[in-house]
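[1] Have a look at this prediction, sequence included:
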Amino acid sequence: MQIDLTFTPAELAYCDLRGKIAVVIDVFRFTTAALAALEAGAAGIYVVKEVEEAIELRAKDPRLLLAGERRALKVPGFDFGNSPLEFTNRVQGRRIVWCTTNGTNAVTMAAAADEVILASLRSAAAAAEYLSARKKDCILVPAGLRGRYSLEDTWCAGYIARQLEGCAVSDSAQTAMCIAEHWSLRDLSAAQHGQVLLGLGMAADVEYCLALNSSPNVIRQDPLSGWCTLA
């Protein structure tokens, strides 16, 4: 089993994803919020790159809910933003179309992989357990911040990689493992994206997102339909 990592999703253009599991990580906040929505009973999540795509899908099926953000704030006309704290029993049995600046783009860019799963700090150990059981080569994909490197996503990727023993590890994955080993989890709130959220008064979101291994669940995207559900 081989472990690779891209520091930004754009690097996927230089990777052969065939036969691999892609693990998309967007700690602040898409993969964390998606997990919260599915654990609250949402029937499925469908990711799109553009706001207009989400609106068009709901025009075809008014039962769909819309979630997402631009500049960390809820898109006007959407039912939800991108905060994991928003998702309660209001989503029970409902399907959600999601569009964000970073995370949903990373999911669409990883589509050439054999399998795509979504991970966060809350589900990091569960994601590592899933990968260990599957015994397939994987590529860890931190979503980053507006196309650039992000500390919290890379830390999470490195933490997952450290749980996978006896694997061949790429240079980039080794770097992420070092970051996870030597950088404190609590200090991730000082990362650029964390500071953006804190500046918007979203300290509760940051605290929720940093709750390491608080969930036993992993999100898996169906390769045929594109819908994401709990694995």
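    Arrived safely. Residues are numbered from 1 along each chain as shown.

[2] contacts and neighbour counts: CA atoms only from here.
    Noted.

[3] contacting residues around the closest residue to Gly226 other than its chain neighbours?
    Using C-alpha to C-alpha, 6 or more residues apart in numbering and skipping the chain neighbours, the partner closest in space to Gly226 is Tyr46 (6.4 Å). Tyr46 makes contact with 95-98, 226-228, according to C-alpha atoms under 8 Å, 6 or more residues apart in numbering.

[4] what's the answer for Val27, then?
    By C-alpha under 8 Å, 6+ apart, the contact list for Val27 reads 120-121, 152-153, 156, 209-210.

[5] can you rerun that using 10 Å?
    Residues near Val27 by C-alpha atoms under 10 Å, 6 or more residues apart in numbering: 33, 103, 119-122, 142-144, 150-156, 193-194, 206, 208-210.

[6] ditto for Leu131
    Leu131 sits in contact with 1, 21, 23, 117, 125, 137-138, 160-161, 163-164, where contact means C-alpha under 10 Å, 6+ apart.

[7] what do you get if the cut-off is 8 Å, keeping everything else the same?
    For Leu131, the contacting residues are 138, 164, by C-alpha under 8 Å, 6+ apart.

[8] Ok, the one 5 residues further on next?
    With C-alpha under 8 Å, 6+ apart as the criterion, the residues that contact Lys136 are 1-2, 19-21.

[9] I'd guess it is in a helix, am I close?
    No. Counting by DSSP: H, G, I helix; E, B strand; the rest coil, Lys136 is not found in a helix; it is coil.

[10] Please report the distance of it from Arg18.
    11 Å (C-alpha to C-alpha, to the nearest Å).

[11] for Arg95, same thing?
    For Arg95, the distance to Arg18 - C-alpha to C-alpha - is 29 Å.

[12] Which one's more surrounded, these two?
    Neighbour tally, Arg95 and Arg18, criterion other C-alpha atoms under 10 Å: the higher count belongs to Arg95, 21 against 12.

[13] Am I right that that one is in contact with Leu65?
    Yes. Under the criterion of C-alpha atoms under 8 Å, Arg95 makes contact with Leu65 at 6.2 Å.
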